[in-house]
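Asker: This is a predicted model, with the sequence first.
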Amino acid sequence: MLSRATQSAIFLLAGILVVSSSSPTRADTFTLRKGERYALCREYEENLNSFPDLPASTNVWPLNPKLADFRKPRWVPVELNQNLSIIRTMYLWNLDPQHGLDSSAAERAWKEKENVLRRQIARGSVRLDRARIDFDGNGRVDTVYRFYHPLYEGAPENRYGYWYLFFDNGADKPLAAFRRYSGELKLYDSFLFRGRFYLVRWDVLGLNVLEPRSIPEEHELALVPVCILQPSKQG
């Protein structure tokens, strides 16, 4: 049986390979593969192609101020040590999106992570932000958190990204339906287009623009793929 250290090393290597394969090292142009009929997708393609020197391996995407239909949510920094419960939930959801761990295993995993996290906080290499926006398009204001962190210890800046968590319309617990869209390598960015909130994430098909939609009668949430863009490498 493999030791815990060996298992961790194998998992880390696998994670690095997955991220490397799904997010190319450099982009020349982005091409729409899905969503050509939507203004959102056409304009987001224009936005990405206005940053020719941006590494395609990034998980954080800027907006061109000349494209007035786009804007970023107003994120407010949150004190990390006073909100460890938020990060704990994010960590456990992303570690175990299908909720397969029992409570004791989850607590052991968190205790190990908490020690690493406190060192990262002391170094200033992680941060937590909050915004109040309509996350899921139901017309109500939600509380949304994002946690900026490295994919692995010693990661370069382009291997950092955000986990997300949201509380529906003032609820005191995060919406459980979002858990299944979590995962340690599922790093999201976000923007508003004409006032509507969207998430952006890499997967094996390319860069996805996703629309969160509330399904109130089922107490559910869907992340609907609206645009898929593929980068071409320089050279």
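Answerer: All right, it came through fine.
Asker: Check the protein and tell me which residue is nearest its centre.
Answerer: With distances taken as C-alpha atoms, centre = their mean, Tyr188 lies nearest the centre of the chain, 1.9 Å away.
Asker: Next, find the distance separating it from Arg127.
Answerer: 15 Å (C-beta to C-beta, to the nearest Å). (Each C-beta comes from the backbone N, C-alpha and C, glycine too.)
Asker: Now for Gly124, how many residues are close by?
Answerer: When neighbours are defined as other C-beta atoms under 10 Å, Gly124 has 8 of them.
Asker: Show the pLDDT at it.
Answerer: In this prediction, Gly124 carries a pLDDT score of 92.
Asker: Would you agree Pro62 is in contact with Pro55?
Answerer: No - in this structure, Pro62 is not within contact of Pro55 by C-beta atoms under 8 Å, at 11.8 Å.
Asker: returning to what we had before: correct me, but the residue nearest to the centre of the chain touches Leu165?
Answerer: No - the pair Tyr188 and Leu165 does not pass the contact test of C-beta under 8 Å, sitting 10.5 Å apart.
Asker: So which residues make contact with the helix or strand where Ala222 lies?
Answerer: Per DSSP states H and E: Ala222 is located in strand 220-232. Counting contacts by C-beta atoms under 8 Å, 6 or more residues apart in numbering, the residues outside strand 220-232 that touch it are 24, 27-35, 38, 40-41, 44-45, 48, 56, 136, 175, 177-178, 181, 198-199, 205-215.
Asker: Filter those down to the buried ones.
Answerer: 24, 27, 30, 32, 34-35, 40-41, 44-45, 48, 56, 136, 175, 177-178, 181, 198-199, 206-212, 214 (16 or more other C-beta atoms under 10 Å).
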